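J.: Sequence isn't available, so here's the structure alone:
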Ligand SMILES: C[S@@+](CC[C@H](N)C(=O)[O-])C[C@H]1O[C@@H](n2cnc3c(N)ncnc32)[C@H](O)[C@@H]1O
């Protein structure tokens, strides 16, 4: 009996508590409103957030459009500079050809290295006050990895509008009708360049080999020599030894393609001064100093009487 009474008392208490809770809600309607207000506030904030995100997005795409328009204007301006100022100079100058026929003998890494050197050549030529027209030969589309690397370069399409072309043909086909104007540059030639002739095509072997393919460019040039009359492709090395004034250099200093390319342009930029051109381009690690034109002229005048060259050696005819 007592237990029954206890249970009933507990049930009464529980009902009272329940009523009190219900009463709490009825007595404090502000709590519900607060919750509602908080929900509205959160929804408002979400709305404001979405608006500011949309505004930020619009501002970003406006900025992007502005950046693109500025870039296009800069590109147009550069193209005008090329078309109106540089192209006439380039068209009147000698040409440079990079012979890429050595690709099958190079490793993937060397091929990528050559593509990088061609990029430097493009940049040097574009910035030069006396650029030239130049081409890379033996680059068949879909087969040549060198070409694939170049096509992957940002802005490669503009290269073609600024003095650079590629050809699937080998140089002996591309220049087949004027092989007498072709001078194949190789550090292994017996002849030194004396000057540059605007009618000529100067060929640089597209080789990155860390000295693995010794004499490859010379052999290639010899395979292109004309008939028995001694005509056809000539070879020449840069006149490095002839212009050394101090420091040391290997007996046959072999340079990277882009350095050879830049030396040819600098020679013209510095008023046909090999000493200044070599000094400006050759990496300092080669540790050499070169005789500049004015000093050379003084030495030449003094040596002329003795029938020698400016360095006191026997006079050689050289190649232009
Ligand atoms: C890294 S070299 C390649 C060396 C390679 N073993 C060879 O047979 O020429 C790249 C190219 O730059 C040119 N070159 C390098 N040093 C030169 C120099 N001292 N005189 C003329 N051309 C040079 C040549 O056309 C050469 O093929």
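T.: Nice, thanks for sending it over. Just so we're clear, the structure is a prediction, and the values are computed from it rather than from any experiment.
J.: what comes up buried for stretch 123-134?
T.: By neighbour count, and taking 16 or more other CB atoms under 10 Å as the criterion, the buried residues in stretch 123-134 are 124-126, 128, 131-134. Just so you know, the C-beta spots here come from the backbone N, C-alpha and C atoms, and that holds for glycine as well.
J.: Could you check the pLDDT of the residue at minimal distance from the centre of the chain?
T.: Among the residues of the chain, residue 119 comes closest to the average C-alpha position under CA atoms, centre = their mean, at 3.1 Å. pLDDT, the model's per-residue confidence, is 98 for residue 119.
J.: Same question for residue 318.
T.: Among the per-residue scores, residue 318 shows a pLDDT of 81.
J.: Which positions in the chain make contact with the ligand?
T.: Within the chain, the positions near the ligand by CB under 6 Å from any ligand atom are 185-187, 204-205, 207, 209, 213-217, 237-238, 240, 253-257, 260.
J.: switch the cut-off to 8 Å
T.: If contact is defined as CB under 8 Å from any ligand atom, the residues of the chain in contact with the ligand are 99, 184-189, 193, 203-209, 211-220, 236-238, 240, 252-257, 259-260.
J.: quick one: which of those sit in helices?
T.: Secondary structure from DSSP state H places 216-220, 240, 257, 259-260 of the residues of the chain next to the ligand in helices.
J.: Let's see if you can find the most crowded of the residues you listed.
T.: Of these, residue 217 is surrounded by the most neighbours, 25 neighbours in total, counting by other CB atoms under 10 Å.
J.: Leaving out sequence neighbours, find the closest residue to the residue of the chain found nearest the ligand.
T.: Among the residues of the chain, residue 205 lies nearest to the ligand; the distance is 2.4 Å by CB to the nearest ligand atom. Nearest residue to residue 205, sequence neighbours excluded (CB to CB, 6 or more residues apart in numbering): residue 217, at 3.5 Å.
J.: Could you verify my assumption that that neighbour touches residue 186?
T.: Yes. Under the criterion of CB atoms under 8 Å, residue 217 is in contact with residue 186, at a separation of 4.0 Å.
J.: Distance check, residue 239 against residue 118.
T.: Computed with CB to CB, to the nearest Å, the distance linking residue 239 and residue 118 is 25 Å.
J.: of the two, who's got more company?
T.: A direct count of neighbours by other CB under 10 Å for residue 239 and residue 118 places residue 118 higher, at 25 against 21.
J.: which SSE is the residue nearest to the centre of the chain in?
T.: Mapping residue 119 onto the secondary structure by DSSP states H and E places it in helix 108-127.
J.: what's the answer for residue 172, then?
T.: Using DSSP H and E, residue 172 falls within helix 171-174.
J.: just to revisit the earlier point, which of the residues of the chain next to the ligand are buried?
T.: 99, 184-187, 189, 193, 203-209, 213, 216-218, 220, 236-238, 240, 253-257, 259-260.
J.: Which residue ranges of the stretch 51-200 of the chain form helices?
T.: Taking DSSP state H, counting those that start in this stretch, the helices of the stretch 51-200 of the chain run over residues 87-92, 108-127, 145-151, 156-161, 171-174.
J.: among those helices, which is nearest residue 64?
T.: helix 156-161 (20.4 Å; CB to CB).
J.: quick one: contacts for the closest residue to the residue nearest to the centre of the chain other than its chain neighbours?
T.: The spatial neighbour of residue 119 that comes closest, neighbours along the chain excluded (CB to CB, 6+ apart), is residue 153 at 6.0 Å. When contacts are counted by CB atoms under 8 Å, 6 or more residues apart in numbering, residue 153 is found next to 115, 119, 159.
J.: Now do the strands in the stretch 201-320 of the chain.
T.: Taking DSSP state E, counting those that start in this stretch as the criterion, the stretch 201-320 of the chain carries its strands at 201-205, 234-236, 244-247, 288-290.
J.: Show me what the mean pLDDT comes to for the third one.
T.: Over the span of strand 244-247, the pLDDT mean works out to 74.
J.: Listing request: residues of the chain with sub-threshold pLDDT.
T.: Residues of the chain meeting the criterion pLDDT under 70: 1-2, 16-34, 41, 43, 226-231, 246-252, 283-287, 299-300, 302-317.
J.: and with 50 instead?
T.: Judged against pLDDT under 50, the low-scoring parts of the chain cover residues 22-29, 227-228, 313-314.
J.: Tell me how far stretch 199-211 lies from the chain's centre.
T.: Distance of stretch 199-211 from its chain centroid, counting by CA atoms, centre = their mean, to the nearest Å, is 18 Å.
J.: end to end, how far does it reach?
T.: As for stretch 199-211, its first-to-last residue distance stands at 31 Å under the measure CA to CA, to the nearest Å.
J.: Thanks a lot, catch you later.
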